[in-house]
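Q: sequence below, structure please.
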Amino acid sequence: MPNIEDVHKLSCEAGTNPKDFWNMTLNENMLIIGQDRRRDRQQWNHTSTLMALYANSKSAKGKRFSPDDFNPYVFQDKKDAEPKTKEDVNKLINKYKTFNG
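A: Residues are numbered from 1 along each chain as shown. As a prediction, the model looks like this:
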């Protein structure tokens, strides 16, 4: 769970007026942050498609590019999908052993 400073920063980066931030609920701020992230992802899908189109027009014969080659979200999604190390799993287990929720 992010702390209030992180939520404030992300909400303001998403376009919320810093004064309005304090008059909104946490849920409203999180919705604005989520909307901004979805918009950014959609814009990167568009941009990476144009980049692939241009790269394919200039590439050597036989070399083809995919929009995924230019999209930073695809790189992050692949990284997040990688198997975790034994140490990562043990840290997660220990974290939830002490969870009092």
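
Q: and the contacts of the helix or strand where Lys79 lies?
A: Assigned by DSSP states H and E, Lys79 falls within helix 72-81. For helix 72-81, contacts defined as C-beta atoms under 8 Å, 6 or more residues apart in numbering pick out 41, 44, 48, 68. Using the backbone N, CA and C atoms, a C-beta is placed for each residue, glycine as well.

Q: how distant is stretch 47-57 from the center of its chain?
A: Offset of stretch 47-57 from its chain centre (C-alpha atoms, centre = their mean, to the nearest Å): 22 Å.

Q: number the residues from 32 up from this point.
A: All set: I'll call the first residue 32, so the last point we hit is now stretch 78-88.

Q: chain center to the following helix or strand past the helix holding Lys110: distance?
A: Downstream of helix 103-112, the next assigned helix or strand under DSSP H and E is helix 117-128. Centroid separation between helix 117-128 and its chain, computed with C-alpha atoms, centre = their mean, is 23 Å.

Q: list the buried ones in helix 117-128?
A: Neighbour counts using 16 or more other C-beta atoms under 10 Å place no residue of helix 117-128 among the buried ones.

Q: please apply the same query to stretch 92-104.
A: Of all the residues in stretch 92-104, those buried under the rule 16+ other C-beta under 10 Å are 96, 98, 101-102.

Q: how about stretch 69-76?
A: By 16+ other C-beta under 10 Å, the buried positions in stretch 69-76 come out as Trp75.
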